[in-house]
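**Student:** The sequence and its predicted three-dimensional model are supplied below.
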Amino acid sequence: MIWRTGIRVNVLSPGPTRTDLAAEVVGASDMEALGAMTPLGRLGDPAETASAAAFLASCDSSFMTGAEAFVDGGLAQV
């Protein structure tokens, strides 16, 4: 039986992101080192994660369900 509730379930998986809290907890130099390990070679910006979240919350993703959106600079792909 297929339930047609209109509920879609997707997940957003952010990677190392440049935030004040992360720099305070991990340390700025360690955060930079972590960012350098990503295929893009840098930390993410909170706005980049927010853009992906806005996409998942919008009608633009209306035919998307059961997916994981990685916003991690390619880290999960290596």
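**Tutor:** Sure, I can see it.
**Student:** what lines up beside the helix or strand containing Phe70 in the sheet?
**Tutor:** Per DSSP states H and E, Phe70 falls inside strand 68-71. For strand 68-71, the paired strands and their directions (DSSP bridges) are strand 11-14 (parallel).
**Student:** quick one: average pLDDT of the partner strand?
**Tutor:** Averaging pLDDT along strand 11-14 yields 97.
**Student:** Alpha carbons of the helix or strand following that strand, as PDB, please.
**Tutor:** Beyond strand 11-14 on the C-terminal side, the first helix or strand identified by DSSP H and E is helix 20-26. C-alpha atoms of helix 20-26 as PDB (Å, rounded to 0.1, in the frame of the first residue of the first chain):
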ATOM      1  CA  ASP A  20      32.100  31.100  15.300                       C
ATOM      2  CA  LEU A  21      31.100  28.100  17.500                       C
ATOM      3  CA  ALA A  22      33.100  25.700  15.400                       C
ATOM      4  CA  ALA A  23      36.200  27.900  15.600                       C
ATOM      5  CA  GLU A  24      35.700  28.200  19.400                       C
ATOM      6  CA  VAL A  25      35.200  24.500  20.000                       C
ATOM      7  CA  VAL A  26      37.700  23.000  17.500                       C
END
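**Student:** name the helices or strands packed onto helix 20-26?
**Tutor:** Judged by 3 or more Cβ pairs under 8 Å, 6 or more residues apart in numbering; DSSP states H and E, helix 20-26 is in contact with helix 28-36. Bear in mind the C-beta positions are built from the backbone N, C-alpha and C, glycine included.
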